[in-house]
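> Next input, structure requested:
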Amino acid sequence: MEIITGGVATAKGFEAAGYEAGVKYENRKDMALVYSTQPCAVAGVFTSNVAKAAPVRWDKNVVTNSPYAQAVIVNTGIANAGTGTAGYNCCRQTAECVAQALDIPLDSVLVASTGVIGMQIPMEKIAAGVEKLAGLKEPGTEAGTIAAKSILTTDTVSKEAAVQFAVDGRTVTVGGMCKGSGMIHPNMSTMLGFITTDLNISKELLQEALSMDVQDTFNMVSIDGDTSTNDTLLALANGMAGNEKIINKDDNYYKFVEALHYINETLAKKMAGDGEGATALFEAKVVHAATKEEAKLLSKSVICSSLTKAAIFGHDANWGRILCALGNAGVIFDPEKIDIFFEGKDSAIQICKDGVAAEYSEEEATKILSEPEVRVLVDMKMGDAQACAWGCDLTYDYVKINADYRS
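Down below sits the predicted model:
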């Protein structure tokens with residue numbers, strides 16, 4: 001597998017575009033299109049929030065019942081959630097506009113929205129945006145980057161990743177983009193994420209690979225503990241790499257699984273590091289847990305702890321908060337066996353040994369906690385399982401951003 005520069009329009013046959021439609025924001029692109037010149041096998045994972053947005057319900061139907069998908073249309077600014085029948089009709093009208101503009105079937109169009117809950121989408125602006133996007137779409141890395149920048153809300157940076165690997169002597173590309181900075185506590189996948197590949201793979205295996213991988217990637221991210229109404233992760237595979245279709249879990253399937261995992265983990269970490277108001281990516285790695293499930297519960301409990309997140313922001317080596325978060329995870333363990341370390345880019349320090357304070361330099365600990373990426377390593381001394389979770393520090397700016405979000 002080779003890591004390359006790229007995103008959703010890097011794989012063969014995929015095109016993308018972004019456009020300033022004025023849905024809610026001014027002077028910024030707020031609509032994006034991802035399109036495949038060939039029909040795609042499609043898979044999706046969606047929010048567990050009971051108050052599902054209209055686009056989530058539309059896309060679940062397409063993923064479940066349509067023979068293939070060929071385009072994704074995205075708007076930012078307004079989430080089209082809490083909008084009743086009118087909101088779902090807006091999804092249909094949007095898909096109709098895309099189908100007509102691109103000459104593709106209505107049920108091959110996926111719709112995604114992100115932004116303020118409870119507002120109705122201005123359909124006339126969406127329709128005009130679709131027409132512009134259809135004429136602007138292009139293949140290649142630059143087009144994918146424009147699309148990635150066009151789906152942002154409170155994000156400060158766009159988030160993309162791409163890799164290539166060989167199947168049957170053919171080069172296969174997998175690319176992706178996502179957005180998300182707040183209301184992030186996935187219990188499915190993530191806010192909005194889109195994966196494209198020219199691999200030839202069955203819809204069933206594409207869905208299985210996606211559903212399995214989110215458990216260790218997007219489902220291990222939390223910024224603020226709120227699972228969104230709009231969380232959507234879609235994967236499209238158009239088969240244009242020309243490999244023999246993957247219909248069994250053979251070596252080629254697991255090559256794809258590895259590539260997909262890299263894309264998903266990379267995007268998940270980019271999202272966590274760009275949490276609203278964040279100054280640092282905060283990773284919690286739990287090792288030597290009794291089971292994988294317990295390792296996941298423990299690591300996620302640490303990155304979800306508001307007290308621990310605040311300590312990371314303050315560069316305070318308050319390991320007691322980490323121990324407390326572990327104890328709140330619902331896992332039975334012996335606290336007098338726990339070791340805790342802080343790790344930076346080039347150094348590490350042990351702050352807790354066998355459940356009590358270790359001898360360490362507060363100055364060195366503060367230095368590590370001042371880096372843009374901070375890892376807490378917890379050794380449970382119970383077994384062989386491990387897991388990682390990703391979040392960010394909790395800052396004053398998080399409250400400021402969300403206090404003013406609708407305005």
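
> Just say helix, strand or coil for the residue of the chain most remote from its centre.
The C-alpha centroid of the chain is most remote from residue 359, which lies 38.3 Å away (CA atoms, centre = their mean). With DSSP: H, G, I helix; E, B strand; the rest coil as the basis, residue 359 sits in coil.

> That one and residue 38: what is the separation?
Distance, residue 359 to residue 38, by CB to CB, to the nearest Å: 62 Å. Where C-beta positions appear, they are placed from N, C-alpha and C, glycine not excepted.

> next one: residue 111
To residue 38, residue 111 is 20 Å away according to CB to CB.

> Next: residue 127.
From residue 127 to residue 38 the distance is 26 Å (CB to CB).

> Tell me which of those two has more neighbours.
residue 127 (17 against 13; other CB atoms under 10 Å).

> quick one, what contacts that one?
Taking CB atoms under 8 Å, 6 or more residues apart in numbering as the criterion, residue 127 is in contact with 93-94, 97.

> tell me the SS of it?
helix.

> For residue 163, which three-state class applies?
Residue 163 falls in the strand class when you classify it by three-state DSSP.

> er, residue 44 actually
Classified using three-state DSSP, residue 44 is strand.

> neighbours of residue 358, just the number please.
If you count neighbours by other CB under 10 Å, residue 358 ends up with 14.

> And residue 123, by the same measure?
For residue 123, the tally of surrounding residues (other CB under 10 Å) stands at 14.

> now do residue 71
Residue 71: 26 surrounding residues under other CB under 10 Å.

> residues in contact with it?
Residues in contact with residue 71 (CB under 8 Å, 6+ apart) are 33-36, 98, 102, 104, 108-110.

> how about the helices in the stretch 201-350 of the chain?
Remark: helices assigned in the stretch 201-350 of the chain by DSSP state H, counting those that start in this stretch are 203-213, 251-273, 292-304, 306-313, 319-327.

> Grab the nearest non-local neighbour of residue 388.
Leaving out its chain neighbours, the residue that sits closest to residue 388 by CB to CB, 6 or more residues apart in numbering is residue 285, at 4.8 Å.

> thinking that neighbour is in contact with residue 380, fair?
No: using CB atoms under 8 Å, residue 285 is not in contact with residue 380; the gap is 11.1 Å.

> Those two - which one has more neighbours?
Neighbours were counted for residue 285 and for residue 380 using other CB under 10 Å; residue 380 has more, 22 against 19.

> so where is the stretch 151-300 of the chain shaky, pLDDT-wise?
Within the stretch 151-300 of the chain, the segments meeting pLDDT under 70 span 181-190, 224-227, 275.

> Go again with 50.
For the stretch 151-300 of the chain, no stretch is flagged by pLDDT under 50.

> for the helix or strand containing residue 351, the distance to its chain's centre please.
Assigned by DSSP states H and E, residue 351 falls within strand 348-353. Averaging C-alpha coordinates over strand 348-353 and over its chain gives two centres that are 31 Å apart (CA atoms, centre = their mean, to the nearest Å).

> Count the residues that sit near the closest residue to residue 395 other than its chain neighbours.
Nearest residue to residue 395, sequence neighbours excluded (CB to CB, 6+ apart): residue 277, at 4.2 Å. When neighbours are defined as other CB under 10 Å, residue 277 has 22 of them.

> With residue 394 instead?
Neighbours around residue 394, by other CB under 10 Å: 25.

> That one reaches residue 309, doesn't it?
Yes: the pair residue 394 and residue 309 qualifies as a contact (CB under 8 Å) at a distance of 3.7 Å.

> quick revisit: which of the contacts of residue 71 lies closest to residue 61?
Of all the contacts of residue 71, residue 61 sits closest to residue 110, with 10.1 Å by CB to CB.

> And the residue nearest to residue 388, how far from residue 385?
Plainly put, residue 285 is 12 Å away from residue 385 if you go by CB to CB.

> Over to residue 312?
The spacing between residue 312 and residue 385, counted by CB to CB, is 25 Å.

> Of those two, give the one with the bigger neighbour count.
residue 312 (29 against 18).

> contacting residues around the more buried one?
For residue 312, the contact set (CB under 8 Å, 6+ apart) comprises 280, 282, 369, 374, 393-394.

> So which of those residues wins on neighbours?
With neighbours taken as other CB under 10 Å, the top of the contacts of residue 312 is residue 282, carrying 29 neighbours.

> Show me the beta-bridge partners of that residue.
Counting by DSSP bridges, residue 282 is bridged to residue 374, residue 391.

> Locate the spatially closest residue to residue 299 that is not a sequence neighbour within the secondary structure: which element?
Leaving out its chain neighbours, the residue that sits closest to residue 299 by CB to CB, 6+ apart is residue 389, at 4.0 Å. For residue 389, the host element (DSSP H and E) is strand 385-392.

> what is the orientation angle of the helix or strand following that strand with helix 306-313?
With elements assigned by DSSP H and E, the helix or strand that comes after strand 385-392 is helix 396-403. With axes from the mean of the first three to the mean of the last three CA atoms, to 10 degrees defining the directions, helix 396-403 sits at 120 degrees from helix 306-313.

> Buried residues, helix 396-403. List them.
398, 401-402 (16 or more other CB atoms under 10 Å).

> and it, average pLDDT?
The average of the pLDDT scores along helix 396-403 is 76.

> Tell me which other helices or strands it touches.
With contacts defined as 3 or more CB pairs under 8 Å, 6 or more residues apart in numbering; DSSP states H and E, helix 396-403 has no helix or strand neighbours.

> As CSV, could you dump the C-alpha coordinates of it?
Extracted as CSV, the C-alpha positions of helix 396-403 are listed here (Å, rounded to 0.1, in the frame of the first residue of the first chain):
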residue,chain,number,x,y,z
TYR,A,396,-12.8,28.2,26.2
ASP,A,397,-13.3,28.5,22.4
TYR,A,398,-15.5,25.4,22.3
VAL,A,399,-18.1,27.2,24.4
LYS,A,400,-17.8,30.4,22.5
ILE,A,401,-18.3,28.6,19.1
ASN,A,402,-21.3,26.7,20.2
ALA,A,403,-22.9,29.6,22.1
